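[1] here is a sequence together with a model predicted from it:
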Amino acid sequence: MSPFPSKEALKLELLQASVELSNRGLKQSAIWCAEQGNSVQVDLQPSSLPNLFSFYSDMQSTPVISSYLFAKTLFDNKEYVRSAYHLESASQTCPKCSFLKLFSRVLDIENKRIENQLEPFAPVFLNTEANESLQNLLVDLNELPNLDGYHCYLMGLVLKRLRRNKDAKGFFVRSVNEVPMLYASWFELKSLISTKDDLSELKLPSHWMKECFLAEVHSNFQMNVEVVQKLVPIFDAGFNRSPYFFACLAKAHHNLRDFDASIECFEDVRTLDPYRIENLDTLSNDYYVRSKRVELSTLAHEMVEISKYRHETCCVIGNYYSFRQEHEKAVTYFQRALKLNPNYIDAWTLMGHELIEMKNTNGAVQAYRRAVELDPRDFRAWYGLGQTYEMLRMHLHSIYYFEQAHVLRPNDSRFLVALGTCYESLDKYVEAEKCYWKAYSVGDSEGGALLKLGKIFEKQDKDKEKEEKAVAIYQRYVEEVSIEGTVDLQEQGSVYLYLAKYYLKQPDLLEEANEMASKATQYKATREAARSLQREIAERKKEKAAGTATATSAFLHTPLIDLENSDSSDLAEISRLSHPTDS
């Protein structure tokens, strides 16, 4: 049975939630609900639409309502301290006033923390003050007689900022059970789930929002096939025109490295909502990987026209300059994105990539570490750290970071190949062989695992068994090249040359040796050696042909024995030669 209600009930619930959340100052949650409600294509009777003033019906008096309305306008204007001040008396009797006052204090603390991060020489004690403010806020929350779903969200938010994640998780679960439409609680809860066991332990409500939540969590676990499967019933329920869920589908295809499908989904998003900027930084990554320079340039210009100082816009411009190999300009725009949003994980990771290109390994390490601190599941940052330490020839460190990336994406062959390269550098050939073979087994997206595996066996080919394995691997490599086309131009010549030399040792495989040597002449690095080998093969063929001709001639010129006229001594000699074991 589908967990989703009818389209009419779905749309009504989303619109009611949007009004409630907007009145409480939960802007992002209100936008999410309004966007999804707008995407459900069904007409509602005007009488069934939510009453905009029903939110204030449980407030006891006009002064409370007027205080709330005044404080809410201040809140919307980001005057959080002033908003909290004007709700001081009303919050004693009105739970909604209490929530807005405490939420204003949370956002004020968060704003000050961000401002301090932007200061180049911010004193250390400012962080201590922020923690003290959060502790005081926690005390005030604990003194409340009853915590409703909204206050549970605030409690979880404060505990998360204090890094008490286990306690925070419990309050977010309470919040979604009491107020299933509070998207902010689902969003924060998602960031606290680090393992599948954590997910199975949660007692979540039997509500359709749970299905949307699970789709996002599976995306965090890189279970992208499951994400696509989860989104099918969501689209069928009425969200088939939701830009948000199309963006989720696009990200799943992006993580599966199906960049063409991802681009197609993002184009659907832009058709539905041309001015929506969220997630377009991922689209710019797709254009970058697919070398679509014109599309990337067009996207950057359009986003500048829509909102020049959004962090996503700065990230897209940074990608554009990176594509043009203007790494310093790219770093400038990624830094600008981080000034607008210091917790923007993609910008930290991409800036790390650019700093690597500029050979600034120290800066790259700091950028990647910051990304990992913000999201320990960001496999790109772990991989970047591994690459940085590999450049510094600190292979043991690289192995640790590549392993972290591999744990997050077990079937990504790039991480397995990187691990194999580090083990090979440390002469740990057994471990390297296992990594390369597994990389080949899971798909080998970059096509180099089989070649690297053959190279390891080639290094050890004084051992006959290793030599045979090298030949078998290279033969499979050659077969795949003939089917799939060119894989690695720099290395193919050496593979053909190695096989030619091996076949040359076998008297009956001269034709195969000649074929491999002929292919090796097509590559500059192996051309001279291959031609020399061809001459040697030609000499061997001549010798073999001459030897065959001599043997045939000797046989033809051997005189026949006249058995009738032979004496007994000749017959005895013939008998002895025919049965040598009898002598």
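    Received, thanks.

[2] low-confidence ranges in this structure?
    Across the chain, the stretches falling below the confidence threshold (pLDDT under 70) are 1, 50-53, 117-127, 485-490, 547-583.

[3] let me see the ranges of the strands in it.
    Under the criterion DSSP state E, strands are not mapped anywhere in the chain.

[4] what's near enough to touch the residue nearest the centre of it?
    Nearest to the centroid of the C-alpha atoms of the chain, with distances taken as CA atoms, centre = their mean, sits residue 255, at 5.1 Å. Residue 255 sits next to 219, 222, 224 when contact means CB atoms under 8 Å, 6 or more residues apart in numbering. All C-beta spots, glycine's among them, are computed from the backbone N, C-alpha and C.

[5] one more time with 6 Å
    Residue 255 makes contact with residue 224 under the criterion CB atoms under 6 Å, 6 or more residues apart in numbering.

[6] repeat for residue 100
    Contacts of residue 100 (CB under 6 Å, 6+ apart): 25, 87.

[7] and the gap between residue 143 and residue 100?
    Separation of residue 143 from residue 100 (CB to CB, to the nearest Å): 17 Å.

[8] just confirm residue 473 contacts residue 453, I think it does.
    Yes - in this structure, residue 473 is within contact of residue 453 by CB atoms under 6 Å, at 5.4 Å.

[9] those two: which has the busier surroundings?
    Neighbour count, other CB atoms under 10 Å: between residue 473 and residue 453, residue 453 has more, with 26 against 23.

[10] isn't that one up against residue 472?
    No - Residue 453 lies out of contact with residue 472 (CB under 6 Å); the separation is 10.3 Å.

[11] which residue packs closest to residue 181, ignoring adjacent ones?
    Here the nearest residue to residue 181 in space, its sequence neighbours aside, is residue 17; by CB to CB, 6 or more residues apart in numbering that works out to 3.7 Å.

[12] can you give me the distance of the one you found to residue 11?
    Shown here: residue 17 relative to residue 11, a distance of 11 Å by CB to CB.

[13] which residues touch the residue nearest to residue 320 when sequence neighbours are not counted?
    Excluding the flanking residues, the one nearest residue 320 by CB to CB, 6+ apart is residue 300, at 4.6 Å. Applying CB under 6 Å, 6+ apart, we find residue 300 in contact with 316-317, 320.

[14] equivalent analysis for residue 299, please.
    284, 316.

[15] if we use 8 Å, what do you get?
    If you count contacts by CB under 8 Å, 6+ apart, residue 299 has them with 280, 283-284, 287, 316.

[16] swap in residue 337?
    If you count contacts by CB under 8 Å, 6+ apart, residue 337 has them with 311-312, 314-315, 318, 344, 347.

[17] from residue 351, how far off is it?
    Here the distance between residue 337 and residue 351 works out to 9 Å (CB to CB).

[18] next, show the common contact partners of those two.
    A shared contact of residue 337 and residue 351, defined by CB under 8 Å, 6+ apart, is any residue touching both; here these are residue 318.

[19] grab the nearest non-local neighbour of residue 36.
    Taking CB to CB, 6+ apart, and ignoring the residues beside it in sequence, residue 36 has residue 14 as its nearest neighbour in space, at 5.3 Å.

[20] right, and the one you found touches residue 39 too?
    No - shown here, residue 14 and residue 39 do not form a contact pair, counting by CB atoms under 8 Å, at 9.0 Å.

[21] how many neighbours does residue 478 have?
    When neighbours are counted by other CB under 10 Å, residue 478 comes out with 16.

[22] setting aside sequence neighbours, what's the nearest residue to residue 383?
    Across the structure, with CB to CB, 6+ apart as the measure, the residue nearest residue 383 apart from its sequence neighbours is residue 405 (4.3 Å).

[23] actually residue 376, not the one I typed
    residue 194 is the one closest to residue 376 (CB to CB, 6+ apart), at 7.0 Å.

[24] so what's the residue count around the one you found?
    What residue 194 shows, counting by other CB under 10 Å, is a neighbour count of 13.

[25] hang on, it packs against residue 375?
    No - taking contact to mean CB under 8 Å, the distance of 10.4 Å between residue 194 and residue 375 leaves them out of contact.

[26] in contact with the residue nearest to residue 540 when sequence neighbours are not counted, which residues?
    Nearest residue to residue 540, sequence neighbours excluded (CB to CB, 6+ apart): residue 510, at 5.8 Å. Applying CB under 8 Å, 6+ apart to residue 510 gives the contacts 503-504, 537, 540-541, 544.

[27] residue 302 and residue 37, how far apart?
    Using CB to CB, one obtains 27 Å as the distance from residue 302 to residue 37.

[28] swap in residue 277?
    Counting by CB to CB, the separation of residue 277 from residue 37 is 20 Å.

[29] those two - which one has more neighbours?
    Ranked by neighbour count (other CB under 10 Å), residue 277 and residue 37 place residue 37 first, with 19 against 16.

[30] neighbours of the closest residue in space to that one that isn't next to it in sequence, just the number please.
    In space, and not counting its chain neighbours, residue 37 is closest to residue 14: 3.3 Å by CB to CB, 6+ apart. Burial of residue 14 is recorded as 20 neighbouring residues (other CB under 10 Å).

[31] enumerate every residue touching residue 14.
    Residue 14 sits next to 33-34, 36-37, 40, 181 when contact means CB under 8 Å, 6+ apart.

[32] for those residues, work out which two are farthest apart.
    40 and 181 (14.0 Å; CB to CB).

[33] now stretch 413-426: buried residues?
    Along stretch 413-426, the positions that meet the burial threshold by neighbour count (16 or more other CB atoms under 10 Å) are 413-424.

[34] quickly name whichever of those is closest to residue 187.
    residue 415 (28.1 Å).

[35] what sits against that closest one?
    Residue 415 sits next to 379, 383, 402, 405-406, 409 when contact means CB under 8 Å, 6+ apart.

[36] same thing with residue 460?
    Going by CB under 8 Å, 6+ apart, the list of residues near residue 460 reads 429, 466.

[37] would you mind measuring from it to residue 491?
    The separation that residue 460 has from residue 491, given CB to CB, amounts to 18 Å.
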